[in-house]
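Visitor: A structural model of the following input is requested.
(2 chains)
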Amino acid sequence: MATDEDLIGAVATGDGRALEELCRRYERGLHQFIFRHTGGRDVDDLYQETWLRVVRAARRFDRRRRFSTWLFQIAVNLCRDWHRRRPPEPVDPADIEATREGTAAAADAALDARRLLAALPEPQRSAVILRYYHDLGEEEMAEVLGCPRGTVKSRLHHAMARLTQMARQ
Amino acid sequence: MSECDEVLARLFLRRPLDAGAAAHLSACPRCSSEQRHVRRVAEALASHDVPPPASTLSARVLGAAAPLLARHARRAAWRTLARALSAALVPLPLIVFLDFYLMRAMYGVLDALLPRALSLYVVFNYAATLTLLLALTYGMIPIVAERQMRLRREESRA
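Guide: Numbers count the residues shown, from 1 in each chain, chains lettered A, B, ... in the order given. Next up, the predicted model:
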């Protein structure tokens, strides 16, 4: 079976079937990553843009690197940019009603993962998603996030402290 | 990282605790009070279900990437052709030079044995055949280069 690195090499020569295979391999993981990062907003657009960037830069891909690391690096950068110029959150009238009523259900939902992740600053959120959901090691995370390993550790530590604090409240 | 942090991180990541970590958890007052919150967070994160991507998403991506792929394919074809042509053109001056001297020597020998017109005819025929063969060889280069690219693509896909 062709490796991801072979396939991206083929994509660089214009092979559509190689791209299709790569999409198939990473479809779920990448989609989940973006979904969790943006809270489910603009996921399809960001997913598509990630692959377009992959295709555009395929010729520059360094074959000594892991493709998955590179792919997630692109996705992290896109999500980061998206958070910087994030469009305003669409307001659901049902949410306003629930908040007004202050129902018990709303209180229970206070600790749902979406809110927890949304409460984290972007660098910590990326670290938590990559570690918790994608099981990346610290070394690989450091490469994806473009920071030293120590920074990854400290981001995870601070994220955990923040999330625990939220659980305590 | 302190032992407390390590134990809490394991709980956070829902990793099994070894005997040492479990002992620390029950002995350490900070960890025993924190563990409930950490477990709650871990459970909340674990329950985060993401809907599967739309079935049309891959097709949409491939459609959007098609012009980029076509550009890559054109570029790759030109690059392969340029490489093949430059590799093939390197020995051409030597081939022409050697053939020129070979024909001249052949003409000298034939001229001594045959009438001049016949010698010229034989040498001209030889030169024409050689030119035709060279033209065919160089004409085949784009076809061979394209075939090699296709084979390489199929190999990488297999």
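
Visitor: longest helix of the chain?
Guide: No chain specified, so I'll use chain A. helix A:16-38 (DSSP state H).

Visitor: my question was about chain B
Guide: helix B:116-157.

Visitor: Run through the neighbouring helices and strands of that one.
Guide: helix A:4-11, helix A:16-38, helix B:57-89, helix B:92-113 (3 or more Cβ pairs under 8 Å, 6 or more residues apart in numbering or on different chains; DSSP states H and E). (Each C-beta comes from the backbone N, C-alpha and C, glycine too.)

Visitor: What angle do helix B:57-89 and it make with each other?
Guide: If you take axes from the mean of the first three to the mean of the last three Cα atoms, to 10 degrees, helix B:116-157 sits at 150 degrees to helix B:57-89.

Visitor: Quick check: mean pLDDT of helix B:116-157?
Guide: Over the span of helix B:116-157, the pLDDT mean works out to 87.

Visitor: Nearest residue to the residue of chain B found nearest chain A in space, please, no chain neighbours.
Guide: Closest contact between chain B and chain A, by Cβ to the nearest Cβ, is at B:A73 (2.6 Å). Spatially, and ignoring its direct neighbours in sequence, B:A73 is nearest to A:G14 (2.6 Å; Cβ to Cβ, 6 or more residues apart in numbering or on different chains).

Visitor: ok, now which ones touch that neighbour?
Guide: By Cβ atoms under 8 Å, 6 or more residues apart in numbering or on different chains, the residues touching A:G14 are B:L69, B:A70, B:R71, B:H72, B:A73, B:R74, B:R75, B:A76.

Visitor: Which residue is the nearest non-sequential neighbour of the last one?
Guide: For B:A76, the nearest residue in space outside its immediate sequence neighbours is A:T13; the separation is 3.9 Å by Cβ to Cβ, 6+ apart.

Visitor: Now do residue 125: how many residues are near it, please.
Guide: Answering for chain A, as no chain was given. A:R125: 23 surrounding residues under other Cβ atoms under 10 Å in any protein chain shown.

Visitor: let's do chain B instead
Guide: 10.

Visitor: Okay, it and A:L130: tell me how far apart.
Guide: Going from B:N125 to A:L130 by Cβ to Cβ, to the nearest Å gives 73 Å.

Visitor: do A:I8 as well
Guide: Taken as Cβ to Cβ, the span from A:I8 to A:L130 is 20 Å.

Visitor: coming back round to it: same for the longest helix of chain A, what does it pack against?
Guide: helix A:4-11, helix A:43-56, helix A:67-84, helix A:113-119, helix B:57-89, helix B:116-157.

Visitor: out of the ones you listed, which comes closest to B:C4?
Guide: With Cβ to Cβ as the criterion, B:C4 lies closest to helix A:113-119 of these, at 21.3 Å.

Visitor: Tell me which residue in chain A sits closest to chain B.
Guide: Counting by Cβ to the nearest Cβ, chain A gets nearest chain B through A:G14, at 2.6 Å.

Visitor: Show the pLDDT at residue 54.
Guide: Reading this off chain A. 97.

Visitor: my bad, chain B
Guide: The predicted local confidence for B:A54 is 90.

Visitor: Can you tell me the number of residues neighbouring A:I34?
Guide: 27.

Visitor: sorry, that was for A:M160
Guide: 25.

Visitor: How about the one 5 residues further on?
Guide: By the measure other Cβ under 10 Å, the count of residues near A:Q165 is 12.

Visitor: Tally up the residues packed near the residue nearest to A:R149 when sequence neighbours are not counted, please.
Guide: Sequence neighbours aside, A:A142 is the residue nearest to A:R149 in space, at 4.6 Å (criterion: Cβ to Cβ, 6+ apart). If you count neighbours by other Cβ under 10 Å, A:A142 ends up with 19.

Visitor: can you tell me which residue is nearest the centre of chain A?
Guide: A:F33 (3.6 Å; Cα atoms, centre = their mean).

Visitor: what's near enough to touch it?
Guide: By Cβ under 8 Å, 6+ apart, the neighbours of A:F33 are A:F72, A:A75, A:I129, A:L130, A:Y133, A:H134.

Visitor: The third one and B:G63, how far apart?
Guide: In this structure, A:I129 and B:G63 are 28 Å apart, going by Cβ to Cβ.

Visitor: higher neighbour count, the two?
Guide: Comparing A:I129 with B:G63 by other Cβ under 10 Å, the one with more neighbours is A:I129, at 25 against 11.

Visitor: which residues touch the more buried one?
Guide: Applying Cβ under 8 Å, 6+ apart, the residues near A:I129 are A:F33, A:R36, A:H37, A:L117.
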